[in-house]
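[1] From the sequence below, what's the structure:
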Amino acid sequence: MRLKIHNPCNQFTKYYRNYNLFWDELTIELNKKYEVIENRNFEDAHKDRFNVKFDSMIGDVGLNLMECEYVIENLDSGDFYVLSVADIMSQCMLYEKDNPKLKKVLISQFIDYEVKHHAKENYDKYSPWIYFPSPIKNLDEYYFERKKITSFIDKMCFWGVTSERPILKYFNKSIFDGPNYMGDQDKYFTNLIKYKVALSIAGVGELCYRDIECMAIGVPIIRFEYQTDLYEPLIPNYHYISVDYDKTIPKHNEIHTDRLGDERHSYQLEQRFNQVKDDLEFLTFIANNARKYYEENLTSPNRVINTLKILGL
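    Numbers count the residues shown, from 1 in each chain. As a prediction, the model looks like this:
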């Protein structure tokens, strides 16, 4: 089988985020199994979309790929596959949805009611996938450092951009640290592993890199139940500490997003934290299950193997 890989990258994006490393891993594995042509070098990958056109497309515009997107074209059959880590439903995911040659679209931020709304009768082509941490470095050192800690800070924590997360201003500082301190990457993770629990709040997409990073380093996260589906499901109160999703949480672009919540919603998360913070057996249970999920689904080589399994390649 002859394949052509389309994925924009340059010297700025190649080591930008962890998924950029994944694109390389996936390409290497495909090269082992098939005859592969790479269409990946794009000078403006860090600031512009990469327009791709090929014969089996039915639209005139082509696909406009971001650096977080990857297209596999079968040169023999004309079939193609789209993989996307985009925070929102993108042109690359949707433009060729009516094309019978489009066989599968893997989406990291897969919210079922959103996908149904956009994909309509083509819903079956779309599949939940996996998600990624942000750093390109291995996080195991922080996981093993946390294992040495015997007493944790009795709070939940979150550090990140506040302008897009107004809910953060409502948390009680007696049980919450954040959100402004960040520091460099090493300081961030060294500080994070000292806490009992990390708070998970959506960014642009519901899934956040921080969630996967916490799974990697053994810090249990607390959040409203995920709307987002992954291919291997994250189970509430098994992989993460869960609060039932509150439909009064405001919407953005027709999607409920906890980052826009108010004191009613922060209070629910605080209540849940107070219920579990002294149950060290439960917190360890969550952390161990999340770490196992991370190892089995979100690390190499498993994440490549699982991706090819979903694609049937």
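
[2] State the mean pLDDT of stretch 200-209.
    For stretch 200-209, the mean per-residue pLDDT is 94.

[3] what sits up against it?
    17-18, 86-88, 108-109, 111, 131-134, 158, 160-161, 164-165, 167-168, 210-211, 214, 221-223, 226-228, 240, 255, 257-259 (Cβ atoms under 8 Å, 6 or more residues apart in numbering). C-betas here are computed from N, CA, C, even on glycine.

[4] For the buried ones among these, write the corresponding PyMOL selection.
    This is the PyMOL syntax for the buried subset of the contacts of stretch 200-209, where burial follows 16 or more other Cβ atoms under 10 Å:
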select buried, resi 17+18+86+87+108+109+111+131+132+133+158+160+165+167+168+210+211+214+221+222+223+226+227+228+240+255+257+258+259
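
[5] Which ones among the contacts of stretch 200-209 map onto strands?
    I111, I221, I222, R223, T228, I255 (DSSP state E).

[6] Tell me how the protein divides into domains.
    2-132+299-311, 140-297 (automatic domain parsing).

[7] how far out from the middle of the chain is the longest one?
    Right, domain 140-297. How far domain 140-297 lies from its chain's middle: 14 Å, per Cα atoms, centre = their mean, to the nearest Å.

[8] Pull up the distance across that domain, start to finish.
    Start-to-end span of domain 140-297 (Cα to Cα, to the nearest Å) is 15 Å.

[9] How about the first one?
    The first and final residues of domain 2-132+299-311 sit 16 Å from each other (Cα to Cα).

[10] quick one: low-confidence ranges for this structure?
    181-182 (pLDDT under 70).

[11] how about the most centrally placed residue in the chain, what does it touch?
    Central residue of the chain (Cα atoms, centre = their mean): Y131, 3.3 Å from the mean position. Shown in contact with Y131 (Cβ under 8 Å, 6+ apart): V85, S108, Q109, L207, Y209, D211, I212, L230, L298.

[12] likewise D79?
    Contacts of D79 by Cβ under 8 Å, 6+ apart are S56, E73, K101, L102, K103.

[13] Quick check: which helices or strands does the longest helix seen in the chain pack against?
    If you go by DSSP state H, the chain has its longest helix at helix 280-297. For helix 280-297, the elements it packs on are helix 209-217, helix 302-311, judged by 3 or more Cβ pairs under 8 Å, 6 or more residues apart in numbering; DSSP states H and E.

[14] buried sites along that helix?
    Per 16+ other Cβ under 10 Å, helix 280-297 contains these buried residues: L283, I286, A287, N289, A290, R291, Y293, Y294, N297.
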